[in-house]
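# Provided below for reference: sequence and predicted model.
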Amino acid sequence: MAYEVLARKWRPAQFDDVVGQSHVTRTLKNAIESNRVAHAYLFVGPRGIGKTTLSRIFAKALNCLASDAPTVTPCGVCDLCREIAAGNSFDVLEIDGASNNGVDQVRDLRDQVQFAPAKGRFRIIIIDEVHMLSPSAFNALLKTLEEPPPHVKFIFATTEGDKIPPTIISRCQRFDLRRIHTALIVERLRVICEHEQVTITDDALLAVARGADGGMRDAQSALDQLISFKGDTLTEDDVLAVFGLVSRQSLETLAGHILTGGLADILRLVALFDSAGKDLRRLVAELLDHFRNLLVYQHVGGDAGSLDATPEQIHTLARQAEASDPARVLRVAEMLADTEGRLRHALNVRTLLETALIRCARASTTVTLEDVIKRLNAIRSAEPPPAAAAAAAPGPNPAARRQQYFDDPAVKRAMELFDGDVVGIEE
Ligand SMILES: [Zn+2]
């Protein structure tokens, strides 16, 4: 039997198999079950996250011959389900908007949709990359969308929702598909590897998912490549070499040095990554993800669904979250976000990265106003109340107490930081 690529072999066949888009699949299933299917849908989202797959599942659900009406669980084996999956059904037209973007092609389409479906209930027109249509083609399409024949459903997919004219969007139900969480991609890849009898470590699975940056198709294609390149045993190093990523542990170590202000270690690691040919822009993006996760962990804890991390990552996050102050983590995250933007146009990436990381490290270890206030309050509450203090002799007089505040190392650092313009510390 001919080899079938993983992305195709493992393409979801049911709504419930689609990973990471439950907000869309749930709504589509509800529409089918309550018999409220609209006549036009628009799927918007980055490439490789399941727009075409979802369009085909939806087309099968509407047309499956195994049930008397549209169904949320198409059978997958009737003539129509099979034809749709193979992309050669008369009733379901799949059109590439990039190469059929003229007004004549859309007029052809308008003529075609007048025909009743041959086998199914609906004629379904799927237009991929619909933003590529010319303005006149959109106009021609608009006429059909305004008064579609009852047996016609349109499904549009695009990576660039803001290029679709508002007149079209307002006649569609729009769904925004998300980048898929890394942890969800890891789980899916793990299942695939088990079935394909590929031995792969957890960090290697994570590295494939990280490399794919939220795209399931890219993750599966990368896995395919790695298997044909390395055989059926894969390590993290095999994957890192392909994507130019740094290992999970190195990334977490670097984050640790940023949090503790280890400037020498930061510079040493950056030099190491640079000489190993790692993608430094990507490194900043991944560091930003790490600090974002750290913030989430600090505010809502490790078991929240909003945390996109594997168990190994969560282990490190817990440790670093415990040891660092949320206000500082936020400042580092902001600086990294700013750096990510500036790196896009930078010629000397390494220099910019080094200075940015040094700034981050300083930001994460310098004293914040919040610290100063906390320390002051601690000193105050440790002191006896004023009446008792006055009675107690020989206690520190007000001038001595004032000196005590300014002798505190935290206050001194804050004074340096804010150029002496720190806080009015009055009795
Ligand atoms: Zn079927």
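It's in.
# from now on I want contacts and neighbour counts done on CA atoms only, so please keep to that.
Fine.
# what's the burial count for the closest residue to the ion within the stretch 251-400 of the chain?
The ion sits closest to residue 305 of the stretch 251-400 of the chain, with a gap of 34.3 Å, by C-alpha to the ion. Applying other C-alpha atoms under 10 Å, we find 9 residues neighbouring residue 305.
# residue 155 in helix, strand or coil?
The three-state label given to residue 155 by DSSP: H, G, I helix; E, B strand; the rest coil is strand.
# from what I can see residue 206 touches residue 186, true?
Yes: with contacts counted by C-alpha atoms under 8 Å, residue 206 reaches residue 186, the gap being 5.8 Å.
# quick one on the thing from earlier: would you verify that the residue of the stretch 251-400 of the chain closest to the ion is located in a helix?
No: the assignment for residue 305, made by three-state DSSP, is coil rather than a helix.
# quick check: the gap between it and residue 184.
Residue 305 sits at a distance of 11 Å from residue 184 (criterion: C-alpha to C-alpha, to the nearest Å).
# joint contacts of the two?
Taking C-alpha atoms under 8 Å, 6 or more residues apart in numbering as the contact rule, residue 305 and residue 184 touch no residue in common.
# sorry, back to before: for residue 161, see how far away the residue of the stretch 251-400 of the chain closest to the ion is.
Relative to residue 161, and taking C-alpha to C-alpha, residue 305 is found at 27 Å.
# ok, stretch 55-69 near the ion or not?
Yes: contact of stretch 55-69 with the ion (C-alpha under 5 Å from the ion) involves 64-65.
# what is the end-to-end distance of that stretch?
Stretch 55-69 end-to-end distance (C-alpha to C-alpha) = 18 Å.
# and the pLDDT for the residue nearest the centre of the chain?
For the chain, the residue nearest the mean C-alpha position is residue 179 (4.7 Å; C-alpha atoms, centre = their mean). What the model reports as pLDDT for residue 179 is 92.
# can you tell me the closest non-neighbouring residue to it?
Leaving aside its sequence neighbours, residue 179 sits nearest to residue 214 (C-alpha to C-alpha, 6 or more residues apart in numbering; 4.6 Å).
# in what helix or strand does that neighbour lie?
Residue 214 belongs to no helix or strand when elements are defined using DSSP states H and E.
# can you verify my assumption that it contacts residue 184?
No: using C-alpha under 8 Å, residue 214 is not in contact with residue 184; the gap is 9.3 Å.
# so for these two, which sits in the more crowded spot?
Legend: neighbour count by other C-alpha under 10 Å for residue 214 and residue 184, higher for residue 214 (23 against 18).
# how close does that one sit to residue 307?
Counting by C-alpha to C-alpha - residue 214 and residue 307 are separated by 14 Å.
# how about residue 10?
26 Å.
# compare these two (neighbour count), which wins?
The neighbour count for residue 10 versus residue 307, taken as other C-alpha under 10 Å, is higher for residue 307 (19 against 15).
# so where's the stretch 1-150 of the chain shaky on pLDDT?
1 (pLDDT under 70).
# quick check: residues of this structure near the ion?
Looking at the ion, the residues of the chain close enough under C-alpha under 5 Å from the ion are 64-65, 74-76, 78, 81.
# buried subset of those residues?
If you count burial by 16 or more other C-alpha atoms under 10 Å, the buried members of the residues of the chain next to the ion come out as 64-65, 74-76, 81.
# among these, which are in helices?
residue 81 (DSSP state H).
# the buried ones among the residues of the chain next to the ion: which two are farthest apart?
Greatest spacing in those, by C-alpha to C-alpha: 65 and 76 (9.7 Å).
# ok so, going back, can you put the buried ones among the residues of the chain next to the ion in JSON lines and add distance to residue 277?
Converted to JSON lines, those look like this (distance: C-alpha to C-alpha, whole Å):
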{"residue": "64", "distance to residue 277": "51"}
{"residue": "65", "distance to residue 277": "54"}
{"residue": "74", "distance to residue 277": "48"}
{"residue": "75", "distance to residue 277": "49"}
{"residue": "76", "distance to residue 277": "46"}
{"residue": "81", "distance to residue 277": "47"}
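# in strands, which of the buried ones among the residues of the chain next to the ion fall?
Among those, no residue falls in strands (DSSP state E).
# closest to residue 374 out of the buried ones among the residues of the chain next to the ion?
Of those, the one sitting nearest to residue 374 (C-alpha to C-alpha) turns out to be residue 74, at 61.7 Å.
# excluding its backbone neighbours, what's nearest the closest one?
Closest to residue 74 by C-alpha to C-alpha, 6+ apart is residue 61, at 4.9 Å.
# now that neighbour: which helix or strand?
Assigned by DSSP H and E, residue 61 falls in helix 51-63.
# next up, the contacts around the residue of the stretch 251-400 of the chain closest to the ion.
Here residue 305 is in contact with no residue (C-alpha under 8 Å, 6+ apart).
# and residue 287, by the same measure?
251, 255, 336.
# out of those residues, which is most surrounded?
Busiest of the contacts of residue 287 [other C-alpha under 10 Å] is residue 336, holding 24 neighbours.
# that one reaches residue 290, doesn't it?
No: contact criterion C-alpha under 8 Å: residue 336 and residue 290 do not qualify, at 10.6 Å.
# and the strands in this structure?
40-44, 92-96, 123-128, 152-158, 173-176, 199-200, 233-234.
# for the second one, packing partners?
Packed against strand 92-96, as judged by 3 or more C-alpha pairs under 8 Å, 6 or more residues apart in numbering; DSSP states H and E, are the following elements: strand 123-128.
# go on, the fourth one?
With contacts defined as 3+ C-alpha pairs under 8 Å, 6+ apart, strand 152-158 has these neighbours: strand 40-44, helix 51-63, strand 123-128.
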